[in-house]
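S.K.: Got a predicted model here, sequence first, then my questions.
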Amino acid sequence: MVAKKMVKALFGLAMSAVLLAGCGGQQSADVIKLGANLEMTGGNATFGGSASNGAKLAIKQVNEKGGVLGKKLDLVVADNKSEAAEAANAMQKLITQDKVVAVIAPIASSSVIAGAQVNTDNQVLAISPTASNPKVTVDPATGKVRDFLFRAAFIDPFQGSVMANFATKSLKGKTAALYIDNSSDYAKGLGQFFKETFEKNGGKIVADEAYLAKDTDFKATLTKIKAANPDVLFVPGYYQEVGMIIKQARELGLMMPVLGGDGWDSAKLPEIAGADALNNTFFANHYSPDDNSPAIKDFVEAYKKEYGQVPDAFAALSYDATMMVIEAIKRANSTDPVAIKDALAKTRDYQAVSGLITLNETHDAVKSAVIIEMKDGKQTFKEKINP
């Protein structure tokens with residue numbers, strides 16, 4: 001008798017578990033989960049915070065209009081702590097535990113590359129808002145396109161050549177010094193492509209120096225660069241070190257134009273470098289909030305209303321990347337990750353906030369760039385460069 005009662009009790013518990021599982025499945029059936037593997041803490045936290053805000057705004061706007069395929073969107077954010085190894089762990093968690101159908105990939109190229117095998121093995125796409133090193137979407141070991149990796153940004157060969165052309169044509173520079181973050185694939189790639197284009201334009205590299213992320217004292221190397229007397233100094237790093245480099249460079253009397261890439265784009269840069277030190281500096285970026293295009297005006301207004309601040313490029317590109325994934329889900333008419341990936345690869349002439357985007361055969365965004373000039377600590381729109 002006791003045995004029968006125990007069997008009945010166990011059967012009841014089993015049925016309850018099935019019903020509960022069914023309820024959970026029904027709830028999840030009404031939601032499409034997207035992941036965001038971002039730098040929420042660590043050295044690139046301002047980038048990750050902006051990117052998270054951009055993605056959340058995109059999802060909020062789409063949900064307010066009824067969602068996608070009759071379902072609401074949900075964003076699951078994982079903090080990669082601005083570290084490549086953590087980025088791979090975060091990607092694994094989002095895909096295998098949180099069961100997302102697509103991922104907004106990290107900001108930094110090194111972190112996207114670190115998680116690339118996870119995406120490939122699990123056949124779930126990742127699209128980085130800003131990672132610009134060519135190795136993000138093309139495996140250098142095989143020369144083949146990474147089938148599940150995409151980006152919403154232009155790549156380093158374009159960004160590097162844009163700044164080299166600006167240095168030689170707009171600034172009339174004939175000699176340049178490079179000061180590269182040797183721990184960053186992003187910085188090394190930009191340095192390489194700047195050098196190639198600058199020399200092709202007839203310019204000469206008179207100094208080629210390196211530092212490492214988290215360094216704080218750059219004066220010894222800057223003294224060597226000063227002795228080379230370049231017309232321009234190219235520093236394609238991230239804002240934390242760039243701010244200190246520019247501050248120390250000006251203190252040493254290096255007053256030439258300083259140029260960089262989109263890794264400069266942070267409200268923290270003027271705090272670190274000082275507003276005066278940033279005068280006569282320029283960097284390539286993906287968009288400017290001062291651009292008067294209707295798409296940018298609408299986005300800036302919505303972002304300011306939501307977060308009380310002007311969106312930087314990381315917010316804009318993350319918004320664009322999220323919207324590109326959402327459009328791919330619509331075109332695929334499916335939440336199957338492979339179907340979404342295939343639809344995303346067919347993106348052509350998509351009107352994004354940061355401009356018209358076409359994904360080419362290597363999953364890179366073909367789009368325009370802008371040159372930002374720093375004036376008294378504020379970003380000002382200088383010019384737009386088309387691909």
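M.R.: Structure received. Residues are numbered from 1 along each chain as shown.
S.K.: Ramachandran coordinates for H286?
M.R.: Here is the backbone geometry of H286 (degrees, to the nearest 10): phi -90, psi -20.
S.K.: Is it in contact with V370, as I believe?
M.R.: Yes - between H286 and V370 there is a contact at 7.2 Å, judged by C-beta atoms under 8 Å. To be clear about C-beta, it is placed using only N, CA and C from the backbone, and glycine gets the same treatment.
S.K.: what about D376, how many neighbours?
M.R.: By the criterion of other C-beta atoms under 10 Å, D376 has 10 neighbours.
S.K.: Contact partners for the residue nearest to it when sequence neighbours are not counted?
M.R.: Once flanking residues are discounted, D376 sits nearest to A275: 5.2 Å by C-beta to C-beta, 6 or more residues apart in numbering. A275 makes contact with 376-378, according to C-beta atoms under 8 Å, 6 or more residues apart in numbering.
S.K.: Any chance of a markdown table for the residues you listed, columns secondary structure, pLDDT and distance to I104?
M.R.: Listed next are the contacts of A275 as a markdown table, based on DSSP: H, G, I helix; E, B strand; the rest coil; pLDDT from 0 to 100; distance: C-beta to C-beta, whole Å:
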| residue | secondary structure | pLDDT | distance to I104 |
| --- | --- | --- | --- |
| D376 | coil | 96 | 34 |
| G377 | coil | 95 | 30 |
| K378 | strand | 94 | 28 |
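S.K.: Going by distance to A313, which of those wins?
M.R.: K378 (14.9 Å; C-beta to C-beta).
S.K.: Determine the number of other residues adjacent to that closest one.
M.R.: Using other C-beta under 10 Å, K378 has 12 other residues around it.
S.K.: What separation do you get for it and N279?
M.R.: Using C-beta to C-beta, to the nearest Å, we find K378 at a distance of 10 Å from N279.
S.K.: what residue ranges in the chain score low on pLDDT?
M.R.: Regions of the chain meeting the criterion pLDDT under 70 cover residues 1-28.
S.K.: Outline the domain layout of it.
M.R.: With domains defined by automatic domain parsing, the chain comprises 28-154+291-367, 156-285.
S.K.: So for K384, which of these sits nearest?
M.R.: Using C-beta to C-beta, the nearest of the domains of the chain to K384 is domain 28-154+291-367, at 7.7 Å.
S.K.: next one: the closest one to chain centre, how far?
M.R.: Taking C-alpha atoms, centre = their mean, to the nearest Å, one finds the center of domain 28-154+291-367 at 9 Å from the center of the full chain.
S.K.: center of the chain, which residue is that?
M.R.: Residue closest to the average C-alpha location in the chain (C-alpha atoms, centre = their mean): T130, at 2.5 Å.
S.K.: Can you classify that one by secondary structure?
M.R.: Here T130 takes the coil state, with states given by DSSP: H, G, I helix; E, B strand; the rest coil.
S.K.: Could I get the phi/psi values of the spatially closest residue to it that is not a sequence neighbour?
M.R.: Closest residue in space to T130, ignoring its immediate chain neighbours: A153 at 4.8 Å, by C-beta to C-beta, 6+ apart. As for A153, its main-chain torsions (degrees, to the nearest 10) stand at phi -110, psi 160.
S.K.: A153 contacts I127, correct?
M.R.: No - between A153 and I127 there is no contact under C-beta under 8 Å: 9.8 Å.
S.K.: So the residue nearest to the centre of the chain versus L269, what's the distance?
M.R.: Distance of T130 to L269, given as C-beta to C-beta: 16 Å.
S.K.: Likewise for D217?
M.R.: Counting by C-beta to C-beta, the gap from D217 to L269 is 19 Å.
S.K.: Which one's more surrounded, the two?
M.R.: Set D217 next to L269 and count neighbours by other C-beta under 10 Å: L269 wins out with 26 against 10.
S.K.: how about the helices in this structure?
M.R.: Using DSSP state H, the helices of the chain run over 2-29, 45-64, 84-92, 109-122, 156-165, 185-200, 219-228, 239-251, 268-273, 294-307, 313-332, 337-344.
S.K.: and of those helices, who's closest to K174?
M.R.: Taking the helices of the chain one by one with C-beta to C-beta, helix 185-200 is closest: 9.6 Å.
S.K.: Can you list the buried residues in that closest one?
M.R.: Under the neighbour-count criterion of 16 or more other C-beta atoms under 10 Å, helix 185-200 has 185-195, 197-198 buried.
S.K.: and which of these is nearest S161?
M.R.: Of all the buried residues of helix 185-200, S161 sits closest to T197, with 4.1 Å by C-beta to C-beta.
S.K.: you'd agree the closest one is up against N165?
M.R.: Yes - assessed by C-beta under 8 Å, T197 is found in contact with N165 at 6.4 Å.
S.K.: residues near the nearest residue to F47 once chain neighbours are set aside, how many?
M.R.: Closest residue to F47 apart from its sequence neighbours, by C-beta to C-beta, 6+ apart: I107 at 4.4 Å. Residues near I107, counting by other C-beta under 10 Å, number 31.
S.K.: Can you give me the distance of G263 to I180?
M.R.: 12 Å.
S.K.: Now do the shared contacts for those two.
M.R.: By C-beta under 8 Å, 6+ apart, G263 and I180 have these common neighbours: 187, 236-237.
S.K.: Now do the contacts for the closest residue to A365 other than its chain neighbours.
M.R.: Excluding its sequence neighbours, the residue lying closest to A365 (C-beta to C-beta, 6+ apart) is I357, at 4.9 Å. By C-beta under 8 Å, 6+ apart, the residues touching I357 are 152, 320, 324, 347, 349-351, 365-367.
S.K.: Show me the beta-bridge partners of I357.
M.R.: For I357, the beta-bridge partners under DSSP bridges are Y350.
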